[in-house]
Structure formats: C-alpha cells, structure tokens
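# below is the sequence, then the predicted model.
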Amino acid sequence: MGAFRDMLAEGLLGKMGLVRPTNQLDPFSSAGSTSGGFDGGRYRRRLSSWRPTQYSVNTIIAAQGPLLRSRCRDLMRNSAHAVAARENFVANLIGAGIKPSSLISDRPELRKQVMETWMDWTDEADADGVTDFYGMQSVIASALFEAGEIFVRLRSRRIEDGLTVPLQIELLESEMCPYSLNQIADNGNYIMNGVEFDWRARRVAYWFYPGHPGDAPVDPQTYLSMDPVRVPADQVLHIFRPTRPGQVRGVPLVSPAMIRLFFLDQYDDAELERKKIAALFAGFVTSPEPEDILPAPAGGGAQQPMELGVGLAALEPGTMQALLPGEDVKFSEPADVGGSYEAFQYRQQLAAFSAMGVPYMIGTGDTRRASYSSLRGVIVEYRRRLEQLQYNIVVHQYCRPIWRRWFADAVLTEAIPVATADYVGNEKVMARAKWIAPRFEWVDPLKDRQAEKLAVDAGFKSRSDVIEAEGYDPEETDQRIAADKERAEELGLEFPVLQAAASQPGAPNADPQEQADASQDLGDGNDQQAA
C-alpha cells in the first residue's frame with residue numbers, strides 16, 4: 001500500500017510539474033518519425049517550430065495562471081471591445097436573474113411560504129450587503145468571463161443576527177486561492193493549485209489567503225499573516241467552466257482573444273495618434289547653416305545658443321511669418337489610413353468576438369452586413385451556447401447547492417413550516433426545484449407567438465414550457481390569472497375580446513370551412529365598421 005501511495009504521489013507531482021514525466025514518447029525517435037502516420041504528428045520543415053507542451057492544463061495554469069489572469073483583467077479595464085463583449089455576455093446569460101420554483105406540489109400553502117421566505121432572503125444573501133442573490137449571479141458571470149472562475153463561501157450566521165434564514169454568501173475572487181500552492185498536505189492529502197484532494201481525488205478543502213493579495217490596506221497590521229488558510233470544501237462553491245477532464249482551476253473565457261485585442265488596441269491608438277499629428281499640421285524650418293541664423297531665446301543673452309529641434313513658435317490660423325534668407329518651411333504629410341482600414345478592423349474584430357463567444361453583430365451593434373435571416377440564425381446559435389452555460393455552470397454549480405443549503409437551514413431554524421422529522425430522509429424530495437432562466441426576447445414576436453400557440457394547441461408543448469421560456473413561474477402565473485379574473489368579476493369589469501385576424505392560426509381540429517366562414521364574417525364586420 002505504501003509503495004502504491006508513493007507511486008501515486010509521484011504521478012500527481014508530475015501533473016503539478018514538480019517531477020518531469022519520463023514515460024512520454026520522444027518525437028525525434030524512430031517511433032516518433034514513423035512514415036504513414038499523421039502529418040500533424042511529425043516534425044517536418046514547416047512544423048519544426050511548432051512544439052506544443054505535453055503538460056496538463058493544471059501544470060500550465062500553475063505556471064502561467066497569474067499572468068494570464070492579470071492580463072485579462074487589464075483588458076477589462078482598457079479594451080472597449082473586451083468590455084462590450086463582457087457586458088453583453090453577462091446581460092444575456094443572467095439578465096434579471098435565474099430564479100427557482102419549488103416543486104412541492106402536494107402542499108400548495110407550504111410551497112407558497114417557501115417561495116415567500118426565499119424572496120425575503122434574497123435581499124439579505126450578500127455578505128457584503130451591496131447586492132442581492134440575483135445581482136451576485138451577474139458578478140459570477142463577469143468573473144467567469146475575465147478570470148475564468150470565482151469562489152463562493154457559504155457563511156452561517158447566528159439567529160440573533162435577524163436574518164430571514166441565518167445564511168449568507170461571500171464571493172471570493174480567483175486571486176484569493178493561490179495557483180502556486182502545490183504540495184503534499186500535513187494530513188497526507190495533496191494540494192494542487194490551491195485545492196486540496198484526498199486520495200480518492202475528491203475535493204476536501206480550499207486554501208485561501210486571509211485577504212486579497214492585491215489589496216493595499218491602510219493599516220499594515222490588518223492581516224497579521226498572508227499564509228493560506230484551509231477552508232473545508234462543504235463551505236465553498238467553485239464556479240468555473242471545465243473543458244478538460246481533471247481540470248482543477250478555470251481559464252478566462254476571453255483568453256483566446258486576449259493577444260488579438262491587445263495588439264488591435266495598439267493599432268487603433270497608433271492610427272489615432274497619426275490622425276492627431278496630421279490635424280496639427282506641424283511645420284519645420286530648414287536652413288543650410290542653422291547656427292548662423294537661429295535666434296537666441298528671449299532674455300537668455302546673445303551668448304546662449306538655441307537648442308536645435310525645439311519649435312520656434314506655435315502656429316496659429318492665418319499666420320504669415322517672414323523667413324530669414326536661406327530658410328524654408330516644410331509641412332508634415334502623414335500617410336492617410338487608407339481604404340483598407342475598415343475591412344481590416346472588421347476581420348480582426350470578427351475573429352476576436354468569435355473567440356470570446358459573442359457574435360460580432362451583437363457585441364458591436366454593427367448590423368450593416370446582417371440580413372434578417374442571418375441575424376436570426378446567429379441569435380439562435382448564441383442562445384444555445386448561453387443555455388449550456390446557464391444550466392451546466394450557473395445552475396448546477398451555484399444555484400442548486402445554495403438552494404439545498406438554504407432549504408436545510410430554513411427547516412432547522414423553523415423559517416418555513418416543515419417539521420424536522422418530516423424533512424430528515426426526504427431532503428431531496430422536499431428541496432427539489434426547477435430554475436427558470438430569464439427569457440430571450442423574440443426576434444419576431446408575432447410569428448414566434450403564433451408558433452408557440454400552434455405547438456401548445458397541437459399538444460407538442462405545454463403551457464408551462466412556454467411560460468417558463470418567458471422567465472415566469474407557471475404556477476404563479478396561473479394564480480395571477482385566476483386572481484385577475486376573480487377581481488374583474490367582483491368589480492364588474494368587462495373586456496371585449498377581439499376576434500383574431502384571418503392570418504392568426506386556428507385551432508388544430510377546427511373545420512377548414514368553418515375557419516373560412518369565420519374569417520369572411522370578420523372581414524364583413526370590419527367593412528361595415530369602416531363604412
């Protein structure tokens with residue numbers, strides 16, 4: 001057992017880059033240059049400089065993670081394109097918030113009380129007190145884009161704190177968990193990129209700095225020690241997008257476009273500076289013998305020579321200046337941007353936004369090259385990507401664990417009327433909930449609404465699916481509709497129901513002749529009203 005553990009430790013350390021793997025095939029050996037293989041697996045003349053690393057993503061992140069993350073954050077501070085992509089990404093991914101709907105169906109009153117208690121608690125969820133539960137979702141989405149990850153710590157509170165449920169959420173940036181912490185822990189577990197694993201490869205703890213390493217506190221004694229502190233894994237949620245098996249830490253979503261955006265901004269700055277110089281219309285005085293004719297500076301005495309290269313006087317509109325014999329004036333003529341500037345920018349921005357996962361026309365608002373069909377197709381594809389992130393990342397890693405923890409604390413503190421004896425053993429059943437993402441606006445509301453109605457009438461789709469797609473809770477919607485009808489009857493309100501136009505879809509089982517007669521009657525009625 002000890003030999004197996006030592007061998008496993010050596011393999012894990014190899015993943016962390018502390019021990020160089022020795023069982024890899026040498027590409028320059030006879031096996032590595034076997035003919036008849038993949039062209040991409042050979043070191044030919046054209047590919048001789050392409051030597052990618054064979055280390056795992058965890059080893060690469062341990063070595064390059066801090067610099068990669070800091071550069072991505074710099075883009076978010078200074079790159080207009082990166083900021084636009086992030087804001088668009090967050091707005092479409094989260095919107096007003098991904099909200100829960102309890103699946104307690106046999107006890108309507110209990111479900112109502114659960115949802116009301118949850119609504120009250122969402123305003124108290126943030127440990128920093130700056131936003132609510134759904135605002136924290138936006139912060140998480142922003143962190144995924146620019147840092148690749150964020151940590152959420154579940155903080156239990158005291159009953160006397162006066163919270164609806166004694167639980168709050170604290171968001172910790174990626175910098176709080178050091179990439180460089182890769183070692184065997186004192187308890188025999190191994191730590192990789194600041195995350196502690198047991199020998200079954202389960203996450204058992206996270207190591208965090210007591211404070212943000214980038215802060216400069218006014219009082220230097222605020223943090224007596226910056227040694228990482230161990231926090232059990234059941235108190236921490238790690239939100240990131242895994243792209244490879246065994247990946248420990250997240251990679252910023254903006255990473256593939258980082259270099260392109262950086263140099264594109266530099267190119268734009270150079271073009272702006274060139275146009276600025278051209279607008280100044282600077283003039284330069286040339287002379288065959290400048291030391292004989294350059295005047296001395298005012299008040300400096302005749303014996304002090306004038307420094308070459310220093311402007312004689314600022315140009316003003318309409319100025320005519322006499323020159324000394326032998327002098328000549330030449331004006332700067334910076335090259336124009338040229339007609340290829342816009343085409344070049346378009347291609348570069350198109351590649352950059354594609355790498356960030358945001359459509360160019362949506363991120364920039366430039367729809368000149370888009371038709372209705374192409375715009376609709378791009379939006380559908382973009383929303384499919386967002387739905388993947390909504391339910392695989394935000395809901396699975398953030399919303400569901402917090403809901404289960406909140407429900408358990410609410411039962412134990414009697415914030416909701418559920419007996420502990422009834423809850424124990426039925427935790428999964430009672431805490432079931434579906435999460436409703438914010439609706440995506442329809443491209444063509446009339447046609448999309450008609451398509452939804454046809455699907456419901458034909459039995460291909462339920463009303464609940466349509467209501468949830470619009471970001472609402474079906475049960476709450478039905479209750480509001482019933483309450484509106486009851487209130488209208490009590491007040492004696494009558495609302496005329498307008499007949500559908502002939503272009504509206506009819507009932508699936510309706511007789512075509514009856515539909516034609518109804519359409520004819522509707523047309524005759526409209527003609528009479530017009531007359």
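Done, it's in.

# which neighbours does the lengthiest strand in the chain have in its sheet, and in what orientation?
Using DSSP state E, we find that the single longest strand of the chain is strand 149-156. Applying DSSP bridges, strand 149-156 is found paired with strand 167-172 (antiparallel), strand 236-240 (antiparallel).

# in the protein, where is pLDDT below threshold?
Counting by pLDDT under 70, the low-confidence segments of the chain come to 1-36, 216-224, 280-324, 326, 329-338, 496-531.

# can you list the residue ranges for strands in it?
Using DSSP E, the strands found in the chain span residues 99-102, 149-156, 167-172, 183-184, 190-192, 195-197, 203-208, 229-232, 236-240, 283-286, 328-331, 433-436.

# need the ones you listed in CSV with mean neighbour count and distance to N88, can you?
C-beta here means a position set from N, CA and C on the backbone, and glycine is covered the same way. Output for those, formatted as CSV (neighbours: other C-beta atoms under 10 Å; distance: least, C-beta to C-beta, whole Å):
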stretch, mean neighbour count, distance to N88
strand 99-102, 21, 21
strand 149-156, 18, 19
strand 167-172, 19, 22
strand 183-184, 12, 41
strand 190-192, 22, 34
strand 195-197, 20, 31
strand 203-208, 20, 31
strand 229-232, 14, 34
strand 236-240, 21, 20
strand 283-286, 14, 46
strand 328-331, 10, 44
strand 433-436, 18, 22
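
# reformat these as TSV; add distance to R404.
Formatted as TSV, the strands of the chain follow (distance: least, C-beta to C-beta, whole Å):
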stretch	distance to R404
strand 99-102	11
strand 149-156	11
strand 167-172	11
strand 183-184	32
strand 190-192	27
strand 195-197	22
strand 203-208	17
strand 229-232	17
strand 236-240	11
strand 283-286	74
strand 328-331	73
strand 433-436	9
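
# of all those strands, which one comes closest to Y372?
Nearest to Y372, of all those, is strand 433-436, at 28.9 Å by C-beta to C-beta.

# same for the closest one, what does it pack against?
Judged by 3 or more C-beta pairs under 8 Å, 6 or more residues apart in numbering; DSSP states H and E, the packing partners of strand 433-436 are strand 99-102, helix 400-412.

# verify the contact between L171 and L154 for me.
No: contact criterion C-beta atoms under 8 Å: L171 and L154 do not qualify, at 11.3 Å.

# where's S340 relative to Q348, distance?
12 Å (C-beta to C-beta, to the nearest Å).

# what of P252?
Distance, P252 to Q348, by C-beta to C-beta: 20 Å.

# more neighbours: the two, which one.
A direct count of neighbours by other C-beta atoms under 10 Å for P252 and Q348 places P252 higher, at 27 against 18.

# ok, back up a step: format the strands paired with strand 149-156 as CSV; extra columns: distance to N78.
As requested, the strands paired with strand 149-156 are exported to CSV (distance: least, C-beta to C-beta, whole Å):
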stretch, distance to N78
strand 167-172, 24
strand 236-240, 24
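
# can you say which of those is nearest to D39?
The closest of the strands paired with strand 149-156 to D39 is strand 236-240. By C-beta to C-beta, the value is 34.7 Å.

# quick one: the closest one to strand 203-208, angle?
Note on geometry: by axes from the mean of the first three to the mean of the last three C-alpha atoms, to 10 degrees, strand 236-240 and strand 203-208 are set 80 degrees apart in direction.

# list the contacts of strand 236-240.
For strand 236-240, contacts defined as C-beta atoms under 8 Å, 6 or more residues apart in numbering pick out 140, 143-144, 148-154, 195, 203, 206, 249-250, 393-394, 397-398, 401-402.

# again, only this time at 7 Å
With C-beta atoms under 7 Å, 6 or more residues apart in numbering as the test, strand 236-240 has contacts from 140, 144, 148-153, 206, 249-250, 393, 397-398, 401.

# which one of the residues you listed sits closest to S180?
So of the contacts of strand 236-240, ranked by how close each gets to S180 (C-beta to C-beta), first place is R249, at 11.7 Å.

# pull the number of nearby residues for the closest one.
23.

# right, and it touches A147 too?
No: R249 lies out of contact with A147 (C-beta atoms under 7 Å); the separation is 10.0 Å.

# buried residues, stretch 124-141. List them.
For stretch 124-141, burial by neighbour count (16 or more other C-beta atoms under 10 Å) applies to 124-127, 132-141.

# what sits up against that stretch?
Here stretch 124-141 makes contact (C-beta under 7 Å, 6+ apart) with 89-90, 93-94, 96-98, 122-123, 150, 155, 163-164, 168-171, 239, 394, 398.

# quick check: end-to-end length of that stretch?
In stretch 124-141, first residue to last residue: 20 Å (C-alpha to C-alpha, to the nearest Å).

# and it, how far from the chain's centre?
Mean C-alpha position of stretch 124-141 versus that of the full chain (C-alpha atoms, centre = their mean, to the nearest Å) differs by 15 Å.

# ok, now stretch 149-156?
18 Å.

# equivalent analysis for stretch 240-259, please.
On the basis of C-alpha atoms, centre = their mean, stretch 240-259 sits 12 Å off its chain's mean C-alpha point.

# alpha carbons only: can I get that stretch in CSV?
Provided in CSV are the C-alpha atoms of stretch 240-259 (Å, rounded to 0.1, in the frame of the first residue of the first chain):
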residue,chain,number,x,y,z
PHE,A,240,-15.8,27.6,-13.3
ARG,A,241,-16.1,26.1,-16.8
PRO,A,242,-14.3,22.8,-17.1
THR,A,243,-13.1,22.0,-20.6
ARG,A,244,-10.8,19.0,-19.9
PRO,A,245,-11.1,16.0,-17.6
GLY,A,246,-9.4,16.5,-14.2
GLN,A,247,-9.2,20.3,-14.6
VAL,A,248,-8.8,22.0,-11.2
ARG,A,249,-9.0,25.7,-12.0
GLY,A,250,-10.8,27.8,-14.5
VAL,A,251,-9.5,29.6,-17.6
PRO,A,252,-10.8,33.1,-18.6
LEU,A,253,-13.3,33.0,-21.4
VAL,A,254,-11.6,36.0,-23.0
SER,A,255,-8.2,34.2,-23.2
PRO,A,256,-8.4,33.1,-26.9
ALA,A,257,-8.9,36.7,-28.0
MET,A,258,-6.5,38.3,-25.5
ILE,A,259,-3.5,38.9,-27.7
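
# list the buried residues of that stretch.
Of all the residues in stretch 240-259, those buried under the rule 16+ other C-beta under 10 Å are 240-241, 247-255, 257-258.

# which ones among those are found in helices?
Secondary structure defined by DSSP state H assigns M258 of the buried residues of stretch 240-259 to helices.

# save the buried residues of stretch 240-259 as JSON lines, and put in distance to I277 too.
What follows is the buried residues of stretch 240-259, written out as JSON lines (distance: C-beta to C-beta, whole Å):
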{"residue": "F240", "distance to I277": "46"}
{"residue": "R241", "distance to I277": "44"}
{"residue": "Q247", "distance to I277": "48"}
{"residue": "V248", "distance to I277": "50"}
{"residue": "R249", "distance to I277": "45"}
{"residue": "G250", "distance to I277": "43"}
{"residue": "V251", "distance to I277": "40"}
{"residue": "P252", "distance to I277": "36"}
{"residue": "L253", "distance to I277": "37"}
{"residue": "V254", "distance to I277": "32"}
{"residue": "S255", "distance to I277": "35"}
{"residue": "A257", "distance to I277": "30"}
{"residue": "M258", "distance to I277": "29"}
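
# and the two most separated of the buried residues of stretch 240-259?
V248 and A257, at 23.6 Å, using C-beta to C-beta across those.

# quick one on the thing from earlier: turn the buried residues of stretch 124-141 into a markdown table, columns for distance to R368.
Listed next are these as a markdown table, based on distance: C-beta to C-beta, whole Å:
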| residue | distance to R368 |
| --- | --- |
| E124 | 47 |
| A125 | 43 |
| D126 | 42 |
| A127 | 46 |
| D132 | 39 |
| F133 | 40 |
| Y134 | 35 |
| G135 | 35 |
| M136 | 37 |
| Q137 | 34 |
| S138 | 30 |
| V139 | 34 |
| I140 | 34 |
| A141 | 29 |
